[in-house]
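Engineer: Okay, predicted coordinates and the sequence, questions at the end:
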Amino acid sequence: METKIINLILAENLKLLRDKMGYTQELVANYLGVQRELISFYENGQRSVTAPHLEKLADLFHVETRQLKKEKLEVDALRIAFAFRADGFSETDAFAIAWFHRVMKNYLRIQKLSNEVK
């Protein structure tokens, strides 16, 4: 797929997931250690998301990186379960959430591999 098309799909999915989670662009920017404008550029498809940022965003949103590039991402089908909105979250909270999501993704991968071996 052409890079420009991938950027547009990724842009749409990032905004969709960020809105679904209730995160602000500022919170995501602080989590990534960048200016808020870069998040806007990512969400408008004006900039390509770097590989390290893509991985960190996948952890924050509890998705696989390949899902971020999926056309017509259905967020309701994803394992997004929040009993609250992200209002008042800090950068520290974002790191804790992303860390937990990464642990869960790795656990699920190990569980899947374990089931395949059996």
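Structural biologist: Yep, it's here.
Engineer: which helix is the longest one in the chain?
Structural biologist: Across the chain, the helix with the greatest residue count (assigned by DSSP state H) is helix 91-117.
Engineer: Pull up the distance across stretch 42-55, start to finish.
Structural biologist: 14 Å (C-alpha to C-alpha, to the nearest Å).
Engineer: circling back: tell me which other helices or strands the longest helix of the chain touches.
Structural biologist: Other elements packing on helix 91-117 under the criterion 3 or more C-beta pairs under 8 Å, 6 or more residues apart in numbering; DSSP states H and E are helix 25-32, helix 51-61. Using the backbone N, CA and C atoms, a C-beta is placed for each residue, glycine as well.
Engineer: So for residue 70, which of those helices sits nearest?
Structural biologist: Smallest distance to residue 70 across the helices and strands packed on helix 91-117 (C-beta to C-beta): 11.7 Å, for helix 51-61.
Engineer: which residues are contacting the helix or strand following that closest one?
Structural biologist: Beyond helix 51-61 in the direction of the C-terminus, DSSP states H and E gives the next helix or strand as helix 65-68. Contacting residues not belonging to helix 65-68 are listed as 10, 13, 14, 17, 54, 55, 57, 58, 61, 73, 78 [C-beta atoms under 8 Å, 6 or more residues apart in numbering].
Engineer: Drop anything exposed from the residues you listed.
Structural biologist: With neighbours counted using 16 or more other C-beta atoms under 10 Å, those contain these buried positions: 10, 13, 14, 17, 54, 57, 58, 61, 73.
Engineer: what's the lowest-pLDDT member of those?
Structural biologist: Comparing pLDDT over the buried ones among the contacts of helix 65-68 singles out residue 73 as the least confident position, at 75.
Engineer: Now for residue 112, how many residues are close by?
Structural biologist: Burial measure for residue 112: 10 neighbouring residues, criterion other C-beta atoms under 10 Å.
Engineer: Can you read off the pLDDT for it?
Structural biologist: Predicted confidence (pLDDT) for residue 112: 84.
Engineer: next one: residue 35
Structural biologist: Turning to residue 35, the model gives it a pLDDT of 97.
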